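Trainee: sharing a model that was predicted from the sequence below.
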Amino acid sequence: MAVTEEQLKTLREKARRVRIDILKMLTECGSGHTGGSLSATDIVTALYFYKMKYDPKRPDWKERDNFILSKGHAAPVLYTALAHAGFIEHAELCTLRKLGSRLQGHPDSKYLPGVEISTGSLGQGLSVANGLALAHKLDESASRVYALLGDGELQEGQVWEAAMTAAHYKLDNLCALVDNNGLQIDGPVEKVMGVEPITDKWRAFGWEVFDIDGHDMAAITAALDRAETVKGRPTMIVCRTVKGKGSKVFEGKVEFHGTTPSKEELDIAMKELSEETVCK
Amino acid sequence: MTQTQKVATRDAYGDALVSLGRKRNDVVVLDADLSGSTKTSKFAKAFPARFFNIGIAEQDMMGTAAGLAIGGKLPFVSTFAVFATGRAWEQVRQSICYPNLNVKIVASHAGVTVGEDGGSHQSVEDIAVMRVIPHMTVIVPADGVETLQAIEAAAEHQGPCYVRTGRNKVPVIFGPDYKFRIGKAHVFNEGKDAAVIATGIMVAEALKARDLLKAEGIDAGVINMSTIKPIDTHAVLAAAKRCGAIVSAEEHSIIGGLGGAVAEALSESAPVPMVRIGVKDVFGTSGDQEGLLRHYGLSAVDIAAAVKEVIKKKKEPR
């Protein structure tokens, strides 16, 4: 069943609201990862508000789909999605990173319903996603597993171990995505430690690969739909994104990996985000 | 103690897994291309659909086990101790212990009795590096009987477990009426002059040492400390108060393992002289089992000498 124009409109609007909430949360907290949360927003919006099956009243519902935020530092986008999805109250978002908060600096499954596993140390989430996918295969469950990785994260060797495992065990109930925003902490990814050609690598590891614009909601939803039809191998959706997508204050800026907006920067961004939807 | 029967704890593990797999269909097993050695191959043969070989990829294996646990399974993960706790230490910490997942790591070929493969394969640090992680329970069974029960207990326990098994056949110490419990030491005899707190294959050596010392009129108690974390502090302190001198014995570095845990308990609550038997902060080396135990000072003779040394310390004015 393909996405409708009406749904796309709703999703773009949702993504706009998620970006606003992320920026407010980060500015209030004064600490956290701006750029990588914004680049992942359209992907996460499509997953939570178009594709994934879940019940906020039953976070342990056996038939739910699973989302693993392997690039755990983008916790703000996950927390905001969980708030919009009804797992937590909106008011809780401004407790990000505060002592005693359930909204830890990186997602913590011990505290927060809706978080499948604690992440933060890069390169580990895909292995966990594989484990979940294997469990579903054993149970002959229709649940699907989604994992979101960063492009810098592809430098971690464990990612490629997991890539082998997923193909070897034919995990067609697994769909991974790379938020390919081209930047990491010390600079552009290709300058620090090149990971291209990303699509060729995943294809060589036996995955079905789609290469899309990670801010084109129609392309994202279509790829997620297509992934469900792939049999006998896992799917990787490489999403070409812009780090900090949403406002020219952050877009393409290395320094906004782990810094938060000042009040002035937030004001500028809010103006831009209020004016129009960000993605196509 | 039966003189003749010897069983490798890794074999007992393999059997325990099959028995567990029959009782519980949520048990799954993972290995990293070492199932013939770790003995998970027995489970693999009996329940092939529930066995996952992840290949020579220990970090991935730990993460996969975590995912299976979230998916409602009870994963047992195996490889050699040096790889399980070294190569994949951070994955054990981040993906298993930090989220407090119900994964059981059973690592074989621990200690120097790995033998001929040499130092690269002999873990003398695994107890130390597992013990220090929050939420982790660390168990070192002394013989085949205790291993079987420890695996059952680990399966019942909620939370991450690390169980250490060995390569070589070791004497069966316990009989059918033995009851293993996580966190409970087993006192063979209380002793008077000194107490030896031993773990793993050193328990059999400690019992031999006790007999050697008896012939010389020295009354040494022997305690099997099979749970290193949470350590049976009560048993440690009781032995200290009773004997006033403690020897720890492990097939592991003298730093951070059983010796470290015992010293921590003693120094806080019952400071008495102590001597640690273990690998003295060096790496392993190739050799035969018996030769290596002598080389590293891990035999009954060494334990007996340590007991005499600690009794001397006890008698020194302080």
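Mentor: Nice, I can see it.
Trainee: which residues sit in contact with the residue in chain B that chain A sits nearest to?
Mentor: Closest approach of chain B to chain A (CB to the nearest CB) occurs at B:Gly67, with a separation of 1.9 Å. The C-beta positions use only the backbone N, C-alpha and C, and glycine is treated the same way. The neighbours of B:Gly67, taking CB atoms under 8 Å, 6 or more residues apart in numbering or on different chains as the test, are A:Ile117, A:Ser127, A:Val128, A:Ala129, A:Asn130, A:Gly131, A:Leu132, A:Ala133, A:Leu134, A:Ala135.
Trainee: so how far is B:Val275 from B:Met225?
Mentor: 15 Å (CB to CB, to the nearest Å).
Trainee: do I have it right that A:Lys71 meets A:Leu122?
Mentor: Yes: assessed by CB atoms under 8 Å, A:Lys71 is found in contact with A:Leu122 at 6.8 Å.
Trainee: overlap in contacts, the two.
Mentor: Common neighbours of A:Lys71 and A:Leu122, counting by CB under 8 Å, 6+ apart, are A:Gly150, A:Glu153.
Trainee: related to what we said a few turns ago, give me the PyMOL select line for the contacts of B:Gly67, limited to the buried ones.
Mentor: The PyMOL selection below is limited to those of the contacts of B:Gly67 classed as buried (16 or more other CB atoms under 10 Å in any protein chain shown):
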select buried, chain A and resi 117+127+128+129+130+131+132+133+134+135
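Trainee: tell me the buried residues in stretch A:158-174?
Mentor: Using 16+ other CB under 10 Å as the test for burial, stretch A:158-174 gives A:158-169, A:171-174.
Trainee: residue boundaries of the strands in the chain?
Mentor: Here I'm looking at chain A. In chain A, the segments counted as strands under DSSP state E are A:66-69, A:145-150, A:174-180, A:183-184, A:187-188, A:208-213, A:235-240.
Trainee: chain B is the one I meant
Mentor: Applying DSSP E to chain B gives strands spanning B:6-8, B:27-31, B:51-53, B:74-78, B:104-107, B:137-139, B:161-164, B:169-171, B:186-189, B:194-198, B:220-224, B:227-229, B:246-253, B:274-279.
Trainee: got the residues of chain A near chain B?
Mentor: For chain A, the residues in contact with chain B (CB under 8 Å from any CB of the partner chain) are A:62, A:66, A:108-110, A:116-118, A:120-121, A:124-136, A:138-139, A:157-158, A:161-162, A:164-165, A:168-169.
Trainee: rewinding a little: A:Lys71 and A:Leu122: which is more packed in?
Mentor: Neighbour totals were compared for A:Lys71 and A:Leu122, and A:Lys71 leads with 30 against 20 (other CB atoms under 10 Å in any protein chain shown).
Trainee: please name the nearest non-neighbouring residue to the more buried one.
Mentor: Distance criterion CB to CB, 6 or more residues apart in numbering or on different chains; nearest residue to A:Lys71, sequence neighbours excluded, is A:Gly150 at 3.7 Å.
Trainee: could you measure that neighbour against A:Thr119, distance?
Mentor: Distance of A:Gly150 to A:Thr119, given as CB to CB: 11 Å.
Trainee: same check on B:Arg87?
Mentor: Computed as CB to CB, the B:Arg87 to A:Thr119 distance reads 20 Å.
Trainee: of the two, which one has the most company?
Mentor: Higher neighbour count among B:Arg87 and A:Thr119: A:Thr119, with 30 against 19, using other CB under 10 Å.
Trainee: now do the contacts for that one.
Mentor: Residues near A:Thr119 by CB under 8 Å, 6+ apart: A:Ile68, A:Leu69, A:Ser70, A:Lys71, A:Gly72, A:His106, A:Pro107, A:Gly125, A:Val128.
Trainee: hmm, 6 Å instead?
Mentor: Applying CB atoms under 6 Å, 6 or more residues apart in numbering or on different chains to A:Thr119 gives the contacts A:Leu69, A:Ser70, A:Gly72, A:Pro107, A:Gly125.
Trainee: rewinding a little: mean pLDDT, mean neighbour count and distance to chain A for the strands of chain B - can I get that in CSV?
Mentor: Shown next, in CSV, are the strands of chain B (pLDDT from 0 to 100; neighbours: other CB atoms under 10 Å in any protein chain shown; distance: least, CB to the nearest CB, whole Å):
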stretch, mean pLDDT, mean neighbour count, distance to chain A
strand B:6-8, 97, 17, 29
strand B:27-31, 98, 26, 7
strand B:51-53, 98, 22, 7
strand B:74-78, 98, 28, 8
strand B:104-107, 98, 28, 14
strand B:137-139, 98, 26, 17
strand B:161-164, 98, 29, 17
strand B:169-171, 95, 20, 33
strand B:186-189, 98, 17, 33
strand B:194-198, 98, 31, 34
strand B:220-224, 98, 27, 33
strand B:227-229, 98, 23, 20
strand B:246-253, 98, 30, 26
strand B:274-279, 98, 24, 30
